[in-house]
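# okay, sequence plus prediction incoming.
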Amino acid sequence: MAVPPRKPLTGLVAATFTPMTAKGDVNLSVIGQYVDYLVEKQGVYSIFVNGTTGEGMSLSVDERKVLAEEWCRQGKGKMDHVIVHVGCLSLRESQELARHAAGIRADGISVISPSFFKPPSTSALLQFLQEVASAAPHVPFYYYHLPDVTGVKISAQAVLQGAQELIPSFQGLKFSSRDLLDFGQCVHSSPRSWQILYGVDEQLLSGLVMGAHGAVGSTYNYMGSVVNGMLAAFEKGDLAQARKIQFQMQEVLSFAFQLGFDLAVNKQLMLVLSGLPLGPPRLPLLQGSQERAKQIRDKLERTLGLLTPNCCAMGV
């Protein structure tokens with residue numbers, strides 16, 4: 001049975017950070033403020049939770065459940081979409097999280113490929129995805145393609161071709177790869193009802209030109225208002241303005257990568273820019289460098305004109 005039509009998942013989707021206490025416990029008390037910040041300050045109305053940016057693979061199943069519940073509760077009436085990543089190394093745990101997401105009325109679920117015992121073929125990966133999707137058959141299902149992290153080199157296009165027949169709830173793809181050939185073929189060969197979302201922030205304009213319906217990324221947590229300007233320019237056909245904004249983003253991110261921009265520094269940067277008490281990442285990641293985050297913040301302000309009114313209050 002196909003999933004009933006819902007509002008299309010388009011535009012910007014923030015891949016959210018998971019708030020932690022200083023001791024490394026999940027901090028649910030921040031999530032309401034976080035949702036308001038995205039809506040009011042960034043103009044971002046969809047979120048992707050418990051994914052890579054959210055350190056989902058470092059969280060227990062119980063932690064992922066309570067986080068998903070709180071994101072859905074706080075997002076109700078404010079967010080257009082709360083997509084819950086339910087991928088695990090264990091099929092049974094992925095199914096458990098999928099059923100839970102259905103029970104809390106998440107707007108969609110997403111699954112990354114297992115990355116320890118890797119699927120040896122497209123067929124094996126599709127069987128895994130099918131089994132997870134079958135645990136929540138009425139919830140829109142999105143495949144999360146992240147080959148540089150998972151080490152699974154199966155093309156996204158091959159997965160999509162098989163998914164159309166095997167997974168009735170399949171609704172699209174989060175494509176986090178720089179392979180624009182594969183991405184273009186995904187857009188070209190997909191049904192119009194699917195949403196193909198691009199996941200490399202510094203190349204988003206390329207994804208839009210290839211036909212992306214939207215984007216999922218960590219930088220949209222704090223650069224959403226700027227990137228929304230690029231989307232608006234692109235939709236108007238003002239390619240010069242869209243390029244200008246993309247090049248500015250690339251300048252900032254290139255600078256950040258030279259400083260060792262990883263998830264820990266990214267989370268620290270979000271704290272500096274938003275003032276939200278997000279805490280440290282969980283081991284084995286180490287606390288992000290505050291000095292690097294401040295350098296990137298300064299570059300953001302010089303290049304994109306972003307202001308950080310909360311920085312003084314946070315002592316940074």
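Yep, that arrived.

# from here on, just use CA atoms for contacts and neighbour counts.
Will do.

# ranges for the strands of this protein?
Along the chain, counting by DSSP state E, strands occupy 11-15, 46-49, 81-85, 108-112, 141-145, 170-175, 195-198, 214-217.

# in CSV: the ones you listed, plus distance to residue 61 and mean pLDDT.
Shown next, in CSV, are the strands of the chain (distance: least, C-alpha to C-alpha, whole Å; pLDDT from 0 to 100):
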stretch, distance to residue 61, mean pLDDT
strand 11-15, 19, 98
strand 46-49, 14, 98
strand 81-85, 12, 98
strand 108-112, 14, 98
strand 141-145, 19, 98
strand 170-175, 22, 97
strand 195-198, 26, 98
strand 214-217, 23, 98
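
# of all those strands, which one comes closest to residue 73?
Closest to residue 73 of the strands of the chain, according to C-alpha to C-alpha: strand 81-85, at 9.8 Å.

# one step back: out of the strands of the chain, the one nearest residue 273 is which?
strand 11-15 (15.0 Å).

# what sits against the nearest residue to residue 117 once chain neighbours are set aside?
Take residue 117 and drop its neighbours on the chain: the residue closest to it by C-alpha to C-alpha, 6 or more residues apart in numbering is residue 89, 7.9 Å away. Counting by C-alpha atoms under 8 Å, 6 or more residues apart in numbering, residue 89 touches 114-117.

# low-confidence regions, this protein specifically.
Applying pLDDT under 70 to the chain flags residues 1-5, 306-316.

# mind giving me the packing neighbours of the longest helix along it?
Selection of the longest helix in the chain by residue count, based on DSSP state H, yields helix 239-258. Packing partners of helix 239-258 (3 or more C-alpha pairs under 8 Å, 6 or more residues apart in numbering; DSSP states H and E): helix 204-210, helix 220-236, helix 290-304.

# okay if I get the strands of the chain as JSON lines plus mean neighbour count?
Converted to JSON lines, the strands of the chain look like this (neighbours: other C-alpha atoms under 10 Å):
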{"stretch": "strand 11-15", "mean neighbour count": "25"}
{"stretch": "strand 46-49", "mean neighbour count": "27"}
{"stretch": "strand 81-85", "mean neighbour count": "27"}
{"stretch": "strand 108-112", "mean neighbour count": "26"}
{"stretch": "strand 141-145", "mean neighbour count": "26"}
{"stretch": "strand 170-175", "mean neighbour count": "27"}
{"stretch": "strand 195-198", "mean neighbour count": "28"}
{"stretch": "strand 214-217", "mean neighbour count": "24"}
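
# distance to residue 245 added to those strands, as TSV?
Formatted as TSV, these follow (distance: least, C-alpha to C-alpha, whole Å):
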stretch	distance to residue 245
strand 11-15	15
strand 46-49	21
strand 81-85	26
strand 108-112	29
strand 141-145	26
strand 170-175	21
strand 195-198	17
strand 214-217	15
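
# wait, which of those strands is closest to residue 67?
strand 46-49 (8.3 Å).

# which helices and strands sit right next to that closest one?
Looks like strand 46-49 contacts strand 11-15, strand 81-85 (3+ C-alpha pairs under 8 Å, 6+ apart).

# for residue 277, which of those strands is the nearest?
Using C-alpha to C-alpha, these put strand 11-15 closest to residue 277, at 17.0 Å.

# tabulate the CA atom coordinates of the closest one in CSV.
C-alpha atoms of strand 11-15 as CSV (Å, rounded to 0.1, in the frame of the first residue of the first chain):
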residue,chain,number,x,y,z
GLY,A,11,13.6,23.6,0.7
LEU,A,12,16.1,23.6,3.5
VAL,A,13,16.2,20.8,6.1
ALA,A,14,18.5,21.4,9.0
ALA,A,15,20.5,18.3,10.1
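
# by how many degrees do that strand and helix 220-236 diverge?
170 degrees (axes from the mean of the first three to the mean of the last three C-alpha atoms, to 10 degrees).

# distance check, the closest residue in space to residue 204 that isn't next to it in sequence against residue 63.
In space, and not counting its chain neighbours, residue 204 is closest to residue 198: 6.7 Å by C-alpha to C-alpha, 6+ apart. For residue 198, the distance to residue 63 equals 27 Å [C-alpha to C-alpha, to the nearest Å].

# and residue 195, by the same measure?
Distance from residue 195 to residue 63, by C-alpha to C-alpha: 28 Å.

# report the buried residues of stretch 243-255.
243, 245-246, 248-249, 251-253, 255 (16 or more other C-alpha atoms under 10 Å).
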